[in-house]
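> below: sequence and its predicted model.
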Amino acid sequence: MKNLFNYLMVVLLASTFVFTSCKEDGESGTPEVNPAETLMDHLVDIDMDLNHVIKNSAGQKFVHGGYSSGDVSGYYVIDIREASAFAAGHIQDAHNVAGSEILTEAAKADKPVLVVCYSGQTACYYTSLLRLYGYHDAQAMKWGMSGWSATTASSWNDNIADLAKDHSNWAYDGAPDRMVYDIPAFPSTATLGADILKERVEYVVSQGFKTASAQDVVDNPSNYFVNNYFSGDDYSAFGHIANSQRLLPLLIEPLESGDATMTNLDPSKKVVTYCYTGQTSAVITAYLRVIGYDAYSLTFGMNKLYNSNTAWTTNQWGGDSNSLDLPLVQ
């Protein structure tokens, strides 16, 4: 009888293990919610889809270009360049910190935050994260310190190029058909959308600006999911990296039928966005990283790929855009 009892206990335990191991991720037998899904729902609920990071609800763009007078006294200027570059020349009353410290520094601001870097690209990346963190009126200085003064313009002067001209991976055909993918997934210690957002922004800030070189992307486009953030007319007129998508506007929840959604991005690949200057693509890249994509910004954008292209109307460094001659302090 004792042996029979032991045998029945073994069978019972084995059966329990089989049934419990067949449960899905949640303890109750229901699948756990993907934090990325909770976060995306939250961003839509608080009206912070990507379009309202690019331009806030008051209509203010992420980038500030109207500083030709040199008066930025209405802003709390955070300069995230290296300390040596800052010491060589900076804007009066600017605060110099590393990008990784920007959330801490922004908490001290008593005015709208204006982020400054060398070219405007890194500043735009952190501005996107600041807006997601609650600083909805934060802006980046367009063109960075390269646009402020000719003495600090080397970042742009030294990086315009024509890498794509006559390149076999430069095309003029239409955009490929859109595919629909699952959204990405990431772990989180939080369960509420607001807490997940805070955790994700802090994590992405700690990881630094994620970029892809124009040369590598144009040479090896199949290694990436490439999104060209141009208008339809410019996609054709400028040409584009072969097989690059044109997802614009890019939204979690489309406002109109036919708008591109985040589900048109392939989460299994490195998602590279490129624009004209690398500044808008930096904003988009930060946003995509927060919601879970392995995203990168193509540095210097079309100005690096094909600066001499005749299709330019705006945002061409050395064309309609050049350094100003505004004061620096040491």
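Received the coordinates, thanks.

> once you drop chain neighbours, what's closest to the residue nearest the centre of the chain?
Per C-alpha atoms, centre = their mean, the C-alpha nearest to the average position across the chain is that of T285, at 1.9 Å. Distances taken as C-beta to C-beta, 6 or more residues apart in numbering place S297 nearest to T285, at 4.1 Å, with adjacent residues excluded. Glycine gets a C-beta too; all of them are placed from N, C-alpha and C.

> now swap in Y293 and tell me
Using C-beta to C-beta, 6+ apart, the nearest residue to Y293 is V271, at 5.0 Å.

> did I read that right, the one you found in a strand?
Yes - per DSSP: H, G, I helix; E, B strand; the rest coil, V271 lies within a strand segment.

> show me what contacts it?
Counting by C-beta atoms under 8 Å, 6 or more residues apart in numbering, V271 touches 224-225, 227, 265, 288, 293-296.

> go again using 7 Å as the cut-off
Contact analysis of V271 by C-beta atoms under 7 Å, 6 or more residues apart in numbering lists 225, 227, 265, 288, 293-296.

> now it: how far from Y172?
According to C-beta to C-beta, to the nearest Å, V271 and Y172 sit 23 Å apart.

> roughly how far does the residue nearest to Q207 when sequence neighbours are not counted sit from A36?
Counting by C-beta to C-beta, 6+ apart, Q207 lies nearest to R289, which is 7.6 Å off, once chain neighbours are set aside. Between R289 and A36 the computed distance is 12 Å (C-beta to C-beta).

> between these two, which one's more packed in?
A count of neighbours by other C-beta atoms under 10 Å puts R289 above the other of R289 and A36, at 26 against 22.

> helix or strand right after the host helix or strand of the more buried one?
According to DSSP states H and E, R289 maps onto helix 279-290. Following helix 279-290 in sequence order, the next helix or strand is strand 295-298 (DSSP H and E).

> list the strands paired with that next one, with their directions.
Strands adjacent to strand 295-298 in the sheet, as given by DSSP bridges, are strand 211-212 (parallel), strand 270-274 (parallel).

> packing partners of whichever helix or strand comes after that strand?
Per DSSP H and E, the first helix or strand lying C-terminal to strand 295-298 is helix 301-306. Under the contact definition 3 or more C-beta pairs under 7 Å, 6 or more residues apart in numbering; DSSP states H and E, helix 301-306 sits against helix 214-219.

> ramachandran angles for the closest residue to W312 other than its chain neighbours?
Take W312 and drop its neighbours on the chain: the residue closest to it by C-beta to C-beta, 6+ apart is G319, 5.5 Å away. Per-residue torsions, G319: phi -110, psi -100 (degrees, to the nearest 10).

> average pLDDT across stretch 41-56?
For stretch 41-56, mean pLDDT rounds to 97.

> what is the end-to-end distance of that stretch?
Its start and end residues considered, stretch 41-56 measures 18 Å (C-alpha to C-alpha, to the nearest Å).

> now A237: how far from Y172?
Applying C-beta to C-beta to A237 and Y172 gives a distance of 9 Å.

> these two: which has the busier surroundings?
Between A237 and Y172, counting by other C-beta under 10 Å, A237 is the more crowded of the two (16 against 11).

> chain center to stretch 139-158, what's the gap?
Using C-alpha atoms, centre = their mean, to the nearest Å, the mean C-alpha position of stretch 139-158 is found 20 Å from that of the whole chain.

> got a list of what I291 touches?
Taking C-beta under 7 Å, 6+ apart, one finds 36, 39-40, 262 in contact with I291.

> farthest pair in the residues you listed?
The largest separation in these, counting by C-beta to C-beta, is between L39 and M262 at 11.2 Å.

> my read: Y293 touches P267, true?
Yes - in this structure, Y293 is within contact of P267 by C-beta atoms under 7 Å, at 5.9 Å.

> identify the contacts common to the two.
Residues touching both Y293 and P267 by C-beta under 7 Å, 6+ apart: P184.

> same drill for those two, tell me which one is more crowded.
Between Y293 and P267, counting by other C-beta under 10 Å, Y293 is the more crowded of the two (24 against 20).

> please report how far the more buried one lies from V218.
21 Å.

> can you tell me the element S146 falls in?
Using DSSP H and E, S146 falls in helix 144-148.

> repeat that for H42.
helix 35-45.

> what's the nearest residue to K111 if we skip its chain neighbours?
The shortest distance from K111 to any non-neighbouring residue, by C-beta to C-beta, 6+ apart, is to Y76 (4.4 Å).

> one more: Q92?
Once flanking residues are discounted, Q92 sits nearest to V329: 5.2 Å by C-beta to C-beta, 6+ apart.

> helix/strand/coil for I196?
helix.

> right, and it touches P187 too?
No - using C-beta under 7 Å, I196 is not in contact with P187, being 10.5 Å away.

> ok, those two, which is more surrounded?
Comparing I196 with P187 by other C-beta under 10 Å, the one with more neighbours is I196, at 23 against 5.
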